[in-house]
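A.B. asks: Mind folding the following:
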Amino acid sequence: MTLHDDGRPRAAAALDGQSPCIAEARRLAAGFLSRMRTEHRVPVSQRAVELTQLVVSELVTNARKYASGPILLDLRLADDSVEVQVWDSDPALPVVRAADAGRVGQHGLEIVKAVCQSVEAVRETVGKRMTARLALADPVCEDAARLG
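C.D. replies: Residues are numbered from 1 along each chain as shown. So this is what the prediction gives:
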């Protein structure tokens, strides 16, 4: 773990794009959030850890599937959320397909958009960067808040 230029804690890795890189990316995400919880006393829910691993897995899987070469993964804290950035060498921006329960596969970006606060794809000088932001705390259910 290091600090980003703006002073926020971050973890980054260059992945080779081979099959174990997805598991490596998931471990990096879980380890980063665990350290934020234990070393920095940042409130991170178990749900946030699991959803971050899911998002990392989906974004790295897409990068591995559609781009050749290395994949860069960057995780950082941003206020009450975690920001996941994945860079790959393919300049083509992904397209979220319309929901279709009958379609087999290709639901990854659909899922990422459903669980994240925001998702952005930006074409870079070389390749593209996907940025997803997830809440660190579980959402408060309004009905539960009224009853509590």
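
A.B. asks: same for the lengthiest helix in the chain, what does it pack against?
C.D. replies: Using DSSP state H to define each element, the chain has its longest helix at helix 46-66. In this structure, helix 46-66 makes packing contacts with helix 21-39, strand 71-78, strand 81-88, helix 108-115, strand 128-135, judged by 3 or more C-beta pairs under 8 Å, 6 or more residues apart in numbering; DSSP states H and E. Backbone N, C-alpha and C define where each C-beta goes, glycine included.

A.B. asks: Highest mean neighbour count out of these?
C.D. replies: strand 81-88 (a mean of 24; mean count of other C-beta atoms under 10 Å).

A.B. asks: Spell out which strands sit alongside that one in the sheet and which way each one runs.
C.D. replies: strand 71-78 (antiparallel), strand 128-135 (antiparallel) (DSSP bridges).

A.B. asks: For that strand, C-alpha coordinates in CSV please.
C.D. replies: In CSV, the C-alpha atoms belonging to strand 81-88 read as follows (Å, rounded to 0.1, in the frame of the first residue of the first chain):
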residue,chain,number,x,y,z
SER,A,81,-16.1,4.9,-1.1
VAL,A,82,-13.4,2.8,-2.8
GLU,A,83,-12.4,3.7,-6.3
VAL,A,84,-11.4,0.8,-8.6
GLN,A,85,-9.5,1.7,-11.8
VAL,A,86,-8.5,-0.8,-14.5
TRP,A,87,-6.5,0.1,-17.5
ASP,A,88,-5.9,-2.0,-20.6
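
A.B. asks: Contacts for that strand next, please.
C.D. replies: For strand 81-88, the surrounding residues in contact (C-beta atoms under 8 Å, 6 or more residues apart in numbering) are 29, 32-33, 36, 44, 48, 52, 55-56, 59-60, 63, 66-67, 69-77, 117, 124, 127-136.

A.B. asks: do the same with stretch 19-30
C.D. replies: Outside stretch 19-30, the residues within contact range by C-beta under 8 Å, 6+ apart are 11, 13, 15, 49, 52-53, 56-57, 60-61, 64, 71, 73, 75, 84.

A.B. asks: closest to Pro91 among those?
C.D. replies: Ile71 (14.4 Å; C-beta to C-beta).

A.B. asks: In PDB, could you pull the C-alpha coordinates for the longest helix of the chain?
C.D. replies: What follows is helix 46-66, C-alpha atoms only, in PDB (Å, rounded to 0.1, in the frame of the first residue of the first chain):
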ATOM      1  CA  GLN A  46     -18.100  -7.100   4.500                       C
ATOM      2  CA  ARG A  47     -20.600  -6.500   1.700                       C
ATOM      3  CA  ALA A  48     -18.300  -3.700   0.400                       C
ATOM      4  CA  VAL A  49     -15.300  -6.100   0.300                       C
ATOM      5  CA  GLU A  50     -17.300  -8.800  -1.600                       C
ATOM      6  CA  LEU A  51     -18.800  -6.300  -4.100                       C
ATOM      7  CA  THR A  52     -15.400  -4.700  -4.600                       C
ATOM      8  CA  GLN A  53     -13.900  -8.200  -5.400                       C
ATOM      9  CA  LEU A  54     -16.800  -8.800  -7.800                       C
ATOM     10  CA  VAL A  55     -16.300  -5.500  -9.600                       C
ATOM     11  CA  VAL A  56     -12.500  -6.100  -9.800                       C
ATOM     12  CA  SER A  57     -13.100  -9.600 -11.100                       C
ATOM     13  CA  GLU A  58     -15.500  -8.400 -13.800                       C
ATOM     14  CA  LEU A  59     -13.300  -5.400 -14.900                       C
ATOM     15  CA  VAL A  60     -10.100  -7.500 -15.000                       C
ATOM     16  CA  THR A  61     -11.900 -10.300 -16.800                       C
ATOM     17  CA  ASN A  62     -13.100  -7.900 -19.500                       C
ATOM     18  CA  ALA A  63      -9.700  -6.400 -19.900                       C
ATOM     19  CA  ARG A  64      -8.100  -9.800 -20.200                       C
ATOM     20  CA  LYS A  65     -10.800 -10.900 -22.700                       C
ATOM     21  CA  TYR A  66     -10.700  -7.900 -25.000                       C
END
